[in-house]
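> I would like to see how this sequence folds:
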Amino acid sequence: MEQSNVKSFPGRSVFSTFGRFARSKAHSSAALKTMFFSIFILVINMLTGVLTARFLGPTGRGEQTAMVNWSQFLAFCMTFGIPSALVYNAKKKEEQEGGLYATALVMGIGFGLAATAIGVIVLPFWLKSFNHDVILFAQWSMILCPIVVISQINNAILQVRDDYKRYNRLRYIVPLTTMLILAALILTGTMNAHTSAAAYLLPAVPFYIAMTVRMLRIYGKQLKVSLDNFKRLFTYGLGSYGNDLMGQVSYYIDQILIAGLLSPADLGLYAVAVSLAKMVNVFSNSIIVVLFPKASGLDKQEAVNITFRAFRISTAVTLLASLVLMLIAPYVLTLLYGPEFKEALTVFRLLLLQIAIGGGTMVLAQAFMALGKPKVVTLLQGLGLVLVVPMLFLLVPRYGLVGAGYAMLASVLIRFIFILLNFKYSLKMKIPPLWVTREDIKWLRSTMNSTLRKKSVNV
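As a prediction, this is how the structure comes out:
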């Protein structure tokens with residue numbers, strides 16, 4: 001009786017279809033939900049970026065970037081691949097999940113403290129073009145490094161548990177809190193580079209701690225730190241560390257180097273261009289979150305097939321979104337951030353292409369991670385990164401912001417080509433099609449239909 005009623009109201013079929021698909025626990029549904037949450041997070045981040053740019057201007061925005069980025073950058077660089085190692089090993093040995101998590105936490109705290117020490121020592125030398133109070137603030141922010149490393153370990157264990165509901169909730173609640181604090185600072189007239197930087201850094205702390213406490217309670221007596229688990233995590237972690245490191249360095253390296261090569265105002269312009277361009281990365285990032293755990297349980301052919309299908313679909317959507325943003329960019333930059341930020345237009349368009357191609361590259365990299373070959377991805381990404389650093393030093397002083405865009409785009413193209421070639425020469429497999437095929441469209445339709453049928457039966 002209920003089924004006939006649903007069929008008699010076609011006007012609501014689209015909404016009910018997506019509603020049932022979103023409530024499904026299938027991996028494709030998890031990727032879709034993660035993507036929607038990522039879009040929501042991007043909207044929040046865009047609003048916070050607009051608020052800081054409008055009230056701080058290019059110079060203040062550059063100072064805020066210098067104070068915020070280093071704790072995140074060094075913490076991510078010092079994970080030593082432990083989050084990826086936790087996902088891989090916990091999927092292979094589910095009975096040791098709690099012990100692996102406990103061992104990962106201990107390792108993460110140690111690596112985070114090392115990141116803190118490095119940051120305190122290095123920052124005064126690299127940020128010498130900034131005021132002393134900016135440098136001092138950045139040094140104090142280093143105490144957050146262990147917490148940031150632990151947050152990555154928590155994200156990994158949530159992926160292992162397929163708990164994407166809490167994973168996504170944690171991802172949006174932190175930037176949402178930051179936006180609310182920024183609004184309060186504006187209303188009270190206390191908005192400046194230092195208070196806005198604190199609004200970005202501090203809200204995450206209680207949420208990360210609360211999630212850690214929750215995980216400790218869940219695993220309880222299973223929390224046993226062991227030498228065997230340490231060896232498993234460290235062995236795989238070292239292999240994947242290069243991949244994780246290159247990914248994080250590629251994510252931050254442009255802003256980190258520009259902070260030492262150009263003025264705070266130029267850094268502010270570049271930071272706005274990067275934050276807006278990263279909107280298109282939502283599609284590939286959402287796929288990656290679900291793809292690695294899913295592909296880790298498949299054989300070589302199945303893992304490669306599912307990886308390339310995810311690459312084709314996510315890259316097609318990303319490039320289409322990038323084209324639209326390129327066309328409306330002159331109006332968006334002026335309307336959202338103010339006329340003084342229109343100088344970032346050219347580098348913004350270059351960064352759109354760089355981020356779109358880089359996202360596809362990281363999707364392809366998941367096949368090697370899932371097949372236990374993380375060192376291959378490390379080597380290939382490392383070759384691209386080795387080139388981008390000298391290119392930034394060569395092109396940024398000569399061409400300014402545009403030079404940074406060209407350097408980043410050239411680097412990601414090299415990494416993309418190397419990863420493609422590695423499917424042929426390392427995995428000994430023919431490179432599948434790179435563009436969306438009819439089979440991909442059929443797969444999308446069948447996946448949604450099968451999910452909806454299962455849901456209908458359960459109802």
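> CA atoms for contacts and neighbours, from now on please.
Noted.
> where in the stretch 351-459 of the chain is pLDDT low?
Low-confidence segments of the stretch 351-459 of the chain, defined by pLDDT under 70: 380-381, 444, 446-459.
> can you give me the helices for it?
Secondary structure of the stretch 351-459 of the chain (DSSP state H, counting those that start in this stretch): helices located at 374-399, 401-425, 438-458.
> now the angle between helix 401-425 and the longest one, please.
Right, the one you point to is helix 374-399. If you take axes from the mean of the first three to the mean of the last three CA atoms, to 10 degrees, helix 374-399 sits at 160 degrees to helix 401-425.
> So for helix 374-399, what gets flagged as buried?
Of the residues in helix 374-399, 374-385, 387-389, 391-393, 395-396 count as buried by neighbour count, 16 or more other CA atoms under 10 Å.
> Distance from the chain centre to it, please.
Chain-centre distance of helix 374-399: 19 Å, with CA atoms, centre = their mean, to the nearest Å.
> okay, the helices of the stretch 351-459 of the chain in CSV with distance to residue 49 next?
Compiled in CSV, the helices of the stretch 351-459 of the chain are given as follows (distance: least, CA to CA, whole Å):
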stretch, distance to residue 49
helix 374-399, 24
helix 401-425, 19
helix 438-458, 35
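> So for residue 322, which of the ones you listed sits nearest?
Closest approach to residue 322 among those (CA to CA): helix 401-425, 14.1 Å.
> Give me the contacts around the closest one.
Here helix 401-425 makes contact (CA atoms under 8 Å, 6 or more residues apart in numbering) with 254, 266, 270, 344, 346-348, 350-351, 353-354, 357-358, 361, 364-365, 376-377, 380-381, 383-385, 387-388, 391-392, 395-397, 429-431.
> now swap in stretch 168-177 and tell me
Under CA under 8 Å, 6+ apart, the answer for stretch 168-177 is 34, 37, 38, 40, 41, 44, 45, 200, 203, 204, 207.
> Could you find the closest non-adjacent residue to the fourth one?
In space, not counting the residues next to it along the chain, residue 40 is nearest to residue 172; the distance is 7.5 Å by CA to CA, 6 or more residues apart in numbering.
> quick one: which of the helices of the stretch 351-459 of the chain is nearest residue 223?
Of all these, it is helix 374-399 that lies closest to residue 223, at 26.9 Å by CA to CA.
> what helices or strands is the closest one leaning on?
Applying 3 or more CA pairs under 8 Å, 6 or more residues apart in numbering; DSSP states H and E, one finds that helix 374-399 contacts helix 227-261, helix 345-370, helix 401-425.
> what angle do that helix and helix 345-370 make?
Orientation note: helix 374-399 sits at an angle of 170 degrees relative to helix 345-370 (the same axes, to 10 degrees).
> Against residue 385, how distant is residue 376?
Residue 376 sits 14 Å away from residue 385, going by CA to CA, to the nearest Å.
> cool, and residue 76?
Distance, residue 76 to residue 385, using CA to CA: 16 Å.
> now residue 175
To residue 385, residue 175 is 29 Å away according to CA to CA.
> Excluding chain neighbours, give the residue nearest to residue 114 in space.
residue 78 (7.7 Å).
> Quick check: phi and psi at that neighbour.
Backbone torsions for residue 78, taken as degrees, to the nearest 10, come to phi -100, psi 20.
> I'd assumed residue 113 was in contact with it.
No - using CA atoms under 8 Å, residue 78 is not in contact with residue 113; the gap is 9.3 Å.
> So these two - more neighbours on which side?
Counted by other CA atoms under 10 Å, residue 78 and residue 113 do not tie: residue 78 has more neighbours, with 23 against 20.
> Run through the residues that contact that one.
Applying CA under 8 Å, 6+ apart to residue 78 gives the contacts 111, 112, 114, 115, 149, 245.
> tell me which of those residues is nearest to residue 137?
Nearest to residue 137 among the contacts of residue 78: residue 115, at 15.9 Å, using CA to CA.
> can you tell me how far the closest one sits from residue 236?
Distance from residue 115 to residue 236, by CA to CA: 21 Å.
> These two: who's more crowded?
Ranked by neighbour count (other CA under 10 Å), residue 115 and residue 236 place residue 115 first, with 27 against 23.
> Name the helix or strand for that one, please.
helix 97-126 (DSSP states H and E).
> thinking again about what came up before, buried members of the contacts of stretch 168-177 into PyMOL, please.
Per 16+ other CA under 10 Å, the buried members of the contacts of stretch 168-177 correspond to this PyMOL selection:
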select buried, resi 34+37+38+41+44+45+200+203+204
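> Just the ones of the contacts of stretch 168-177 in helices?
In helices, defined here by DSSP state H, the members of the contacts of stretch 168-177 are 34, 37, 38, 40, 41, 44, 45, 200, 204, 207.
> can I get the helices and strands packed on helix 374-399 in a markdown table with distance to residue 70?
Conversion of the helices and strands packed on helix 374-399 to a markdown table gives the following (distance: least, CA to CA, whole Å):
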| stretch | distance to residue 70 |
| --- | --- |
| helix 227-261 | 8 |
| helix 345-370 | 21 |
| helix 401-425 | 19 |
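> Figure out which of these is closest to residue 306.
Across the helices and strands packed on helix 374-399, closest to residue 306 is helix 345-370 (CA to CA), at 8.6 Å.
> what helices or strands is the closest one leaning on?
Contacts defined by 3+ CA pairs under 8 Å, 6+ apart place helix 345-370 against helix 264-277, helix 282-295, helix 300-337, helix 374-399, helix 401-425.
> Wait, residue 87 touches residue 155, no?
No - counting by CA under 8 Å, residue 87 does not reach residue 155; the two are 9.6 Å apart.
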